[in-house]
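Peer 1: sequence and predicted model, in that order:
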Amino acid sequence: MIQKKGNWFVYMLECCNGKIYTGITTDLNRRFTQHLQGRGAKFTQRNKPSHILAFTTCDTRSQASELEWQVKQLTATQKRALSAQWRG
């Protein structure tokens with residue numbers, strides 16, 4: 001089980017086709033399982049996720065949503081660079 005410091009996860013999933021999905025959740029393991037089972041976002045229903053690329057935590061939903069929005073503005077190359085900072 002993935003331990004968390006804050007209440008909210010901001011996460012990136014790498015899909016089988018190389019695309020990157022970004023989302024937020026309070027339970028990363030449950031949400032990843034939902035994505036794998038096709039019960040996640042429409043994006044991951046069309047682009048099957050292969051693994052969790054990276055994640056970080058935030059204390060509030062508001063902070064997580066803001067960070068999610070910022071990450072979604074990045075290019076795939078920038079997201080991969082950020083993922084190296086988040087793993088740790």
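Peer 2: Thanks, I have it.
Peer 1: pLDDT score for the residue nearest to K48 when sequence neighbours are not counted?
Peer 2: Residue nearest to K48 in three dimensions, not counting chain neighbours: C16, with 4.9 Å by CB to CB, 6 or more residues apart in numbering. Backbone N, C-alpha and C define where each C-beta goes, glycine included. On pLDDT, C16 comes in at 97.
Peer 1: now N7
Peer 2: For N7, the model assigns a pLDDT of 91.
Peer 1: phi first, then psi, for it.
Peer 2: phi -90, psi -20 (degrees, to the nearest 10).
Peer 1: ok, it touching T60?
Peer 2: Yes: counting by CB atoms under 8 Å, N7 does reach T60; the two are 6.9 Å apart.
Peer 1: quick one: the residue nearest to K48 and H51 touch, right?
Peer 2: No: contact criterion CB under 8 Å: C16 and H51 do not qualify, at 9.6 Å.
Peer 1: what packs against the longest strand seen in the chain?
Peer 2: Longest strand of the chain, by residue count under DSSP state E: strand 49-58. If you count contacts as 3 or more CB pairs under 8 Å, 6 or more residues apart in numbering; DSSP states H and E, strand 49-58 packs onto strand 8-15, strand 20-25, helix 28-36, helix 61-72, helix 76-86.
Peer 1: out of those, which is closest to F55?
Peer 2: Among the helices and strands packed on strand 49-58, the nearest to F55 by CB to CB is strand 8-15 (4.0 Å).
Peer 1: strand partners of that closest one, parallel vs antiparallel please.
Peer 2: Strand 8-15 sits in its sheet next to strand 20-25 (antiparallel), strand 49-58 (antiparallel), going by DSSP bridges.
Peer 1: quick one: contacts of the last one?
Peer 2: What it means is strand 49-58. For strand 49-58, contacts defined as CB atoms under 8 Å, 6 or more residues apart in numbering pick out 2, 4-16, 20-21, 24, 28, 32, 35-36, 40, 64, 67, 79-80, 82-84, 86-87.
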